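Asker: Pasted the sequence and its predicted model underneath.
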Amino acid sequence: MDEAAREFLQRLLETPSPSGFETAGQAVWTEYVAGFADDVSTDAYGNAVAVHEGDPAVEAEIAVAGHADEIGFMVRDVTDDGFLRITAVGGSDRTVSKGQHVTVHADEPVAGVIGQTAIHLRDGDEEYEEIDAQFVDIGVEDADAARERVEIGDPVTFSSTTAELAGDRLTARGMDNRVGTWTAAEVLRRAAERDADATVYAVATVQEELGLKGARMVGYDLNPDAVVAVDVTHATDNPDVSGTASGPVALGDGPVVARGSANHPGLVSLVRGAADRAEVDYQLQATGSSTGTDADAFFTSRGGTPSLNLGLPNRYMHTPVEVIDTTDLVAAADLLAAAVVDAPDAAPFEATL
């Protein structure tokens, strides 16, 4: 990964972007893509679209999308003694939240911790409390002092940031799905550098973690010929995970091309063919019912938009310590850049009967 792309990824990962509060993260993304896009726009809820205008004589428009939001929490209530009751934003995991450093994103960032009773004071193996029963301690003595710093509805995220592991492995909160928006931007950059004949859109959607909401907005408004939704997928190459339910998928073995459900066979063939020609390794994954990604919203837009989910292997999803291999990201960008160059020969993406 070159230095500029690595710095861009770092900025995305270090900018909090909980669902419904994606503005800061989207500003980082739009600033980067403005350097090579022909146009950049946002809608009323913050979905961002950047475009490379292809040859006007070529009727092929393909979008590559990632979702900008991350899971988190919100301040739900303030107790009399100044602790903050919280509620989940998206699929926050109650088993990893207690005992963590967090930031309350008020007018000014407020540091806090999600309280965890010391092991010495607990009665045996107590079950994990639901998120709504957990609380944030910001160090104040009463409700008045807390309300001077925070308000009901302020978003909360884990305070963990990035760390480099061995080789090309990287850990951070919010890999899901900064790596997808990074890939979409990098595909657009490559398409612009190659002056691709197809019109290529890079998209950063909002509120995927709340039910694919941004993709529904963009899918209707943009109306491309095809969409590739880039999102994380479960790596199954660590000791606690079996490949029988999802996988097998391994870090460093390349992006994952999904087959079945929302994934249009013509688009699958385009991407796999482009990968072979570009000599990019990839993995396959079966999605018998749904992908669980923005592809599920895109493919039902406007009567049916050919769609594909491209997965980026990710360990420990929805925790503060998600782990990816950056070689998978570069491979995904290279693969999809090759695919958008080939797209005019493959369009239109129609069912073969």
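Answerer: Ah, there it is. Computed from a predicted structure; not experimentally measured.
Asker: tell me the phi and psi of the residue nearest to residue 55 when sequence neighbours are not counted?
Answerer: The shortest distance from residue 55 to any residue other than its chain neighbours is 4.4 Å, reached at residue 197 (C-beta to C-beta, 6 or more residues apart in numbering). Backbone N, C-alpha and C define where each C-beta goes, glycine included. Dihedral pair for residue 197: phi -70, psi -30, per degrees, to the nearest 10.
Asker: right, and residue 197 touches residue 54 too?
Answerer: Yes - under the criterion of C-beta atoms under 8 Å, residue 197 lies in contact with residue 54, with a separation of 5.0 Å.
Asker: Sticking with the closest residue to residue 258 other than its chain neighbours, tell me its helix or strand.
Answerer: Across the structure, with C-beta to C-beta, 6+ apart as the measure, the residue nearest residue 258 apart from its sequence neighbours is residue 309 (4.2 Å). Element membership for residue 309 (DSSP states H and E) is strand 307-314.
Asker: Go through stretch 270-288 and flag the buried ones.
Answerer: Within stretch 270-288, the residues that qualify as buried by neighbour count (16 or more other C-beta atoms under 10 Å) are 270-272, 274-275, 278, 280, 282-283, 285, 287.
Asker: from the residues you listed, which ones fall inside strands?
Answerer: When strands are assigned by DSSP state E, the members of these inside them are 283, 285.
Asker: The residue nearest to residue 147 when sequence neighbours are not counted: what's it in contact with?
Answerer: Among residues not flanking residue 147 along the chain, residue 78 sits closest, at 5.9 Å (C-beta to C-beta, 6+ apart). Listed by C-beta atoms under 8 Å, 6 or more residues apart in numbering, the contact set of residue 78 reads 84-85, 143, 146-147, 150, 152.
Asker: which of the residues in the helix or strand that contains residue 340 are buried?
Answerer: Under the assignment given by DSSP H and E, the secondary-structure element containing residue 340 is helix 326-346. Of the residues in helix 326-346, those scored as buried under the neighbour-count criterion (16+ other C-beta under 10 Å) are 326-344, 346.
Asker: Show me what that helix is packed against.
Answerer: For helix 326-346, the elements it packs on are helix 3-14, strand 61-67, helix 175-193, strand 226-234, helix 265-278, strand 307-314, judged by 3 or more C-beta pairs under 8 Å, 6 or more residues apart in numbering; DSSP states H and E.
Asker: No more questions from me, cheers.
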